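K.L.:
Generate a structure from the sequence data that follows.
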Amino acid sequence: MAVITISRQFGAGGRTLGERLAKRLGYQYINEDMIREVAKKVGVSAKQVRAFEKDGGSRLTKFLDTIVSRAFIDRLVSDKHGFIDEKSYVPVVKALIQEIYEQGNAVIIGRGSQYILEGYDNTLHVLLVGDLEHRIRFMIEKYKLTEANAKRVIKRADQIRSCFLNLFSDESSHDDPLSYDLVLNINRVSMDQAEESVVSLIS
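P.N.:
Prediction:
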């Protein structure tokens, strides 16, 4: 029983690799299901969780913290309003990922899982990276974006990813190869080769 975590620079094909691995190995594919589970446990909608993740954390709350009291914010965003911030999100995600680890046989996409399961037995932490040119090409081919839109989306997503992962680790670089068991450079490795490399390490 193994758990594979996949962290990736935006446009490096992490979801594609995760889907392929889950299908080939017969593992759970953990991505959208995590959003629904977090929403259920926090008491908000899946749409709110998705928005929180895409924003890289609760920037509004951090801003408000600097100008009004925390007690006022807590009243403003009480449960009846359906609110999620890092204080409610992080512990729930950690608990869910640890539950998934106990069940085994899963591919987890992102969500700081490489940090949450750091040092756990029977885990494989994978990082996908690529230079901007290759990532732009991937986004154009996969999602039919224009080059300008792909470049803009990747730049913004990289910033958000860094902010989001800061919720789980204070590492200065979230792409430090020492944090992973396998780093795959999509400039040099095809998706087929990436899949074979991961499978060979857990067989």
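K.L.:
Can you tell me what sits against stretch 195-203?
P.N.:
Stretch 195-203 is contacted from outside by 2, 4, 17, 20-21, 24-25, 124, 126, 181-182, 184, 189, using CB atoms under 8 Å, 6 or more residues apart in numbering. The way it works is simple: take the backbone N, C-alpha and C, and place the C-beta from them, glycine included.
K.L.:
among the residues you listed, which ones are buried?
P.N.:
Neighbour counting by 16 or more other CB atoms under 10 Å classes 2, 4, 17, 20, 21, 25, 124, 126, 182, 184, 189 among the contacts of stretch 195-203 as buried.
K.L.:
taking those residues one by one, which sit in strands?
P.N.:
Counting by DSSP state E, the buried ones among the contacts of stretch 195-203 place 4, 124, 126, 182, 184 in strands.
K.L.:
ok, so of these, who is nearest residue 147?
P.N.:
Using CB to CB, residue 184 is the member of these that lies nearest residue 147, at 23.8 Å.
K.L.:
How much space separates that closest one from residue 159?
P.N.:
22 Å (CB to CB, to the nearest Å).
K.L.:
got it, and residue 100?
P.N.:
Distance, residue 100 to residue 159, using CB to CB: 28 Å.
K.L.:
Comparing these two, which shows the higher neighbour count?
P.N.:
Remark: of residue 100 and residue 159, residue 100 carries more neighbours, 22 against 12, as counted by other CB atoms under 10 Å.
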